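Q: This is a predicted model, with the sequence first.
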Amino acid sequence: MRNPIQVLGVLLVLQGVSGTIDQVAVQPFMSPFLNFFNRVIVERTDLLTGYEIYANLILAALGVVVVVAADRIGPS
């Protein structure tokens with residue numbers, strides 16, 4: 001069970017970093033897949049207006065936390 005959780009964490013990190021790059025400059029590499037959070041969730045949430053970069057960085061940090069937590073879980 002540890003491996004799928006780590007893959008999810010890495011995906012969160014990649015989406016967060018990609019979304020941050022997309023906010024700063026246009027990021028064409030795999031943008032429909034990696035920028036899903038940035039282009040669908042962040043852009044449609046009024047609460048995050050003006051905080052797009054912070055939201056993407058928090059997503060990346062959450063991904064790191066998920067990877068570390070999955071690594072600390074013993075093998076099942």
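A: Perfect, thanks for sending it.

Q: contact partners of the helix or strand hosting G9?
A: Using DSSP states H and E, the element containing G9 is helix 2-24. With Cβ atoms under 8 Å, 6 or more residues apart in numbering as the test, helix 2-24 has contacts from 27, 29-31, 34-39, 42, 52-53, 55-67, 69-71, 73, 75-76. For every residue, glycine as well, the C-beta is placed using N, CA and C.

Q: what comes up buried for it?
A: Neighbour-count burial for helix 2-24 flags 6, 9, 11-23 (criterion: 16 or more other Cβ atoms under 10 Å).

Q: What of stretch 51-69?
A: Going by neighbour count (16+ other Cβ under 10 Å), the buried part of stretch 51-69 is 52-53, 55-57, 59-60, 63, 66-67.

Q: And what about A70, helix, strand or coil?
A: helix (DSSP: H, G, I helix; E, B strand; the rest coil).

Q: Quick check, pLDDT for the nearest residue to it once chain neighbours are set aside.
A: Of all residues not flanking A70 in the chain, I5 sits nearest, at 4.0 Å (Cβ to Cβ, 6 or more residues apart in numbering). Listed pLDDT for I5 reads 91.

Q: and if you look at S31?
A: With respect to pLDDT, S31 has a value of 72.

Q: Identify the residues contacting it.
A: S31 makes contact with 18, 22, 39 under the criterion Cβ under 8 Å, 6+ apart.

Q: Among those, which one sits closest to L47?
A: The closest of these to L47 turns out to be R39 (Cβ to Cβ; 16.5 Å).

Q: give the contact list for the closest one.
A: Counting by Cβ under 8 Å, 6+ apart, R39 has contacts 19, 22, 31.

Q: Of those residues, which is the nearest to L48?
A: Of all these, L48 sits closest to G19, with 11.1 Å by Cβ to Cβ.
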